[in-house]
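*Asks:* just need the structure, nothing else, for what follows:
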Amino acid sequence: MIWYLRGEVAQSFPQYVVVDVMGIGLQVYVPASSYFDLPRTGEDIFLYTYLLPKEDSFTLYGFLQSQERDFFVTLLGVGGIGPKAALSLIGHLTIPQIVRAVTHDEVAVLTTIPGIGKKTASRICYELKQKVDAAALHAFTGAGEPLPENSWLEVSQALTALGYSEMEISRIKIKVSTEEELSVEELFKKALACLSRE
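*Replies:* Presented below is the predicted three-dimensional model:
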């Protein structure tokens with residue numbers, strides 16, 4: 001198991017980051033919501049990681065917070081939840097939001113995530129409550145502080161990288177327009193949530 005890694009950011013995208021570790025470029029998949037928290041290219045980065053072996057490859061997943069990595073592993077223990085769905089959940093919702101949805105059986109909240117249907121959302125609520133006691137589940141709720149800056153341009157570029165069209169992005173910009181101050185990460189998650197419901 002690769003428990004964590006420290007290196008230099010070679011490239012970063014909403015889906016993954018390439019980390020240079022002693023001259024070796026490692027592709028590490030990250031939650032989309034982490035994109036705006038990643039250090040700039042050339043800067044040092046520290047990620048808590050999980051290595052998932054497959055028959056023909058090894059895939060590395062990275063998280064800025066240990067709680068995110070641990071919750072990702074917990075989600076993988078749910079029947080029918082693969083790494084893509086688990087990463088999407090953490091990338092679209094905060095851990096406190098997921099925990100709240102699970103403990104209150106708020107299936108509708110989980111089905112706003114792309115790839116998560118009602119049946120899968122119900123399974124997540126049921127199995128997590130069966131496998132993890134309430135105290136342990138709520139111990140996951142201490143992850144992440146938002147960035148102080150706010151920029152729709154950065155959000156737009158990230159949504160484009162995720163495959164959304166200019167028309168979809170322009171339409172969603174109107175829906176998420178607000179007078180309240182939001183960080184880039186908060187604005188990005190709000191836009192993703194709106195796009196997921198369409």
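
*Asks:* in what helix or strand does residue 46 lie?
*Replies:* Assigned by DSSP states H and E, residue 46 belongs to strand 44-53.

*Asks:* average pLDDT for that strand?
*Replies:* Mean pLDDT, strand 44-53: 94.

*Asks:* which residues sit against it?
*Replies:* Here strand 44-53 makes contact (C-beta atoms under 8 Å, 6 or more residues apart in numbering) with 1-9, 17, 19, 28, 30, 38-39, 58-66, 68-69, 72-73, 83. Placement of C-beta: from N, CA and C, glycine included.

*Asks:* which is the succeeding secondary structure element to the worst-scoring helix or strand of the chain on mean pLDDT?
*Replies:* Sorting the helices and strands of the chain by mean pLDDT, DSSP states H and E puts helix 134-138 at the bottom, at a mean of 58. Where DSSP H and E defines the elements, the next helix or strand beyond helix 134-138 is helix 152-161.

*Asks:* for that next one, packing partners?
*Replies:* Applying 3 or more C-beta pairs under 8 Å, 6 or more residues apart in numbering; DSSP states H and E, one finds that helix 152-161 contacts helix 166-176, helix 184-197.

*Asks:* the spatially most central residue of the chain in helix, strand or coil?
*Replies:* Nearest residue to the geometric centre of the chain (C-alpha atoms, centre = their mean): residue 91, 1.9 Å. What DSSP: H, G, I helix; E, B strand; the rest coil gives for residue 91 is helix.

*Asks:* for residue 86, which non-adjacent residue is closest in space?
*Replies:* Distance criterion C-beta to C-beta, 6 or more residues apart in numbering; nearest residue to residue 86, sequence neighbours excluded, is residue 75 at 3.9 Å.

*Asks:* wait, what's in contact with the one you found?
*Replies:* By C-beta under 8 Å, 6+ apart, the contact set of residue 75 is 81, 85, 86, 89, 90, 124, 128.

*Asks:* before we move on, what about residue 169?
*Replies:* Counted by C-beta under 8 Å, 6+ apart, residue 169 has contacts 156, 159, 160, 191.

*Asks:* quick one: buried ones out of those residues?
*Replies:* For those, a burial check counting by 16 or more other C-beta atoms under 10 Å picks out 156, 159, 191.

*Asks:* quick one: which of those is nearest residue 97?
*Replies:* residue 191 (15.5 Å; C-beta to C-beta).

*Asks:* pLDDT score assigned to that closest one?
*Replies:* For residue 191, the model assigns a pLDDT of 83.

*Asks:* would you mind splitting this protein into its domains for me?
*Replies:* Under the assignment automatic domain parsing, the domains of the chain span 4-63, 66-138, 152-197.

*Asks:* with residue 1 as the reference, measure out to the residue nearest to residue 89 when sequence neighbours are not counted.
*Replies:* Closest residue to residue 89 apart from its sequence neighbours, by C-beta to C-beta, 6+ apart: residue 113 at 5.6 Å. Distance from residue 113 to residue 1, counting by C-beta to C-beta, to the nearest Å: 27 Å.
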